[in-house]
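Visitor: structure for the following, please:
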Amino acid sequence: MRPLFTLIALALALPAQAAPADEVAKLAWMSGRWIEDTVTTTTQEVWTRPGGGVMAGASQTNAPGRKSQVEHMTITAEAAGVTFTAILPGQPPTPFVLKPGGAEGEAVFENLAHDFPQRVIYQRCGVQLCARIEGVVKGQPVSKSWIYRRLD
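Guide: Numbers count the residues shown, from 1 in each chain. Below is the predicted model:
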C-alpha cells in the first residue's frame with residue numbers, strides 16, 4: 001500500500017500541465033496587422049503568428065488631442081488553458097482564459113474576477129477581425145467593439 005500513497009503524493013506534487021501548444025496554433029487566424037479608423041480614433045493591433053504555444057500582440061490607439069494608449073498582449077498555453085494576458089502601463093498583467101467550445105474563427109477569453117472587462121472576444125468577420133470587450137460596471141452591462149481591416 002505504501003508505494004501507492006507515494007505515487008499519489010508524487011502525482012499531486014507535479015505541476016499542472018500547460019494547454020497543448022496546438023491549441024494556441026488554432027488562433028492563427030488572428031495574426032497580422034489590423035487597423036480600425038473612426039471619425040475620432042485610429043486603433044492598430046498586431047498579432048504574431050503562433051509559435052511554440054505563444055502569440056504576442058500589441059495595440060495602439062490614437063485620438064487627436066489625447067495621449068496615445070498602448071497595450072501589450074500575449075496568448076499562451078498555460079495550466080488553466082489557453083490564456084490571453086493584457087499588459088497595460090501601470091497595471092499588473094491580467095489573464096483571461098479561453099472558454100471551451102467556441103466556434104471556429106471565434107475566441108472568448110474570460111476572467112470574471114476582473115473589474116472590467118470580464119471578457120475579451122475575437123472573431124473573424126469575413127476578411128475583417130472583430131474584437132470586443134465586455135463586462136459589468138456598477139451593475140450595468142458595458143462593452144466596446146472594434147472592427148479591424150487587414151493592413152498587410
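Visitor: any regions of this structure where pLDDT drops low?
Guide: By pLDDT under 70, the weakly predicted segments of the chain are 1-18.
Visitor: give me the phi and psi angles of the residue positioned nearest the centre of it.
Guide: Centroid-nearest residue in the chain, with CA atoms, centre = their mean: Phe84, separated by 3.0 Å. Backbone torsions of Phe84, given as degrees, to the nearest 10, read phi -90, psi 130.
Visitor: so His114 sits in a strand?
Guide: No. Per DSSP: H, G, I helix; E, B strand; the rest coil, His114 lies outside any strand segment and is coil.
Visitor: where exactly do the helices run in the chain?
Guide: 2-13, 21-25 (DSSP state H).
Visitor: hang on, Thr76 packs against Val54?
Guide: Yes. Taking contacts as CB atoms under 8 Å, Thr76 lies within contact range of Val54: 5.3 Å. Backbone N, C-alpha and C define where each C-beta goes, glycine included.
Visitor: where do the strands of the chain begin and end?
Guide: In chain order, the chain shows strands spanning 32-37, 42-47, 54-62, 69-78, 81-87, 94-98, 106-110, 119-125, 128-137, 140-150, with DSSP state E as the criterion.
Visitor: just put these in CSV and tack on distance to Lys26.
Guide: Output for the strands of the chain, formatted as CSV (distance: least, CB to CB, whole Å):
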stretch, distance to Lys26
strand 32-37, 16
strand 42-47, 13
strand 54-62, 11
strand 69-78, 10
strand 81-87, 8
strand 94-98, 10
strand 106-110, 9
strand 119-125, 12
strand 128-137, 15
strand 140-150, 19
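Visitor: returning to that earlier point: which of Thr76 and Val54 has more neighbours?
Guide: The residue with more neighbours, out of Thr76 and Val54, is Thr76; 19 against 13, by other CB atoms under 10 Å.
Visitor: residues in a beta bridge with that one, which ones?
Guide: Counting by DSSP bridges, Thr76 forms beta bridges with Val54, Thr83.
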